[in-house]
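Chemist: no letters, just coordinates:
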């Protein structure tokens, strides 16, 4: 019994939906060189925040459940 691509896509959407609902945002920093004069260098760290919308997480979770059910029905038929 092989797994259908629709069911695999559904499982991926379920995982992404759960992550989007569990983690509202994450921040990472980039370092940029502001000045470089001989032996003297100034680096600036800038934060970047990525925010996950919980509505999109819920839609991804619901779509993943539907695709998993449809994929398992077509695999058994």
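Modeler: Structure's in. What do you need? Keep in mind that this is a model prediction, so the values were computed, not measured. Numbering: from 1, shown residues only.
Chemist: roughly how far apart are residue 65 and residue 39?
Modeler: With distances taken as Cβ to Cβ, to the nearest Å, residue 65 is found 59 Å from residue 39. (Glycine included, C-beta is placed from N, CA and C.)
Chemist: of those two, who's got more company?
Modeler: A direct count of neighbours by other Cβ atoms under 10 Å for residue 65 and residue 39 places residue 65 higher, at 15 against 5.
Chemist: how would you label the nearest residue in space to the more buried one that is not next to it in sequence: helix, strand or coil?
Modeler: Beyond its immediate neighbours in the sequence, the residue positioned closest to residue 65 (Cβ to Cβ, 6 or more residues apart in numbering) is residue 14, lying 6.5 Å away. What DSSP: H, G, I helix; E, B strand; the rest coil gives for residue 14 is helix.
Chemist: residue 66 is in contact with residue 14, correct?
Modeler: No - using Cβ atoms under 8 Å, residue 14 is not in contact with residue 66, being 10.2 Å away.
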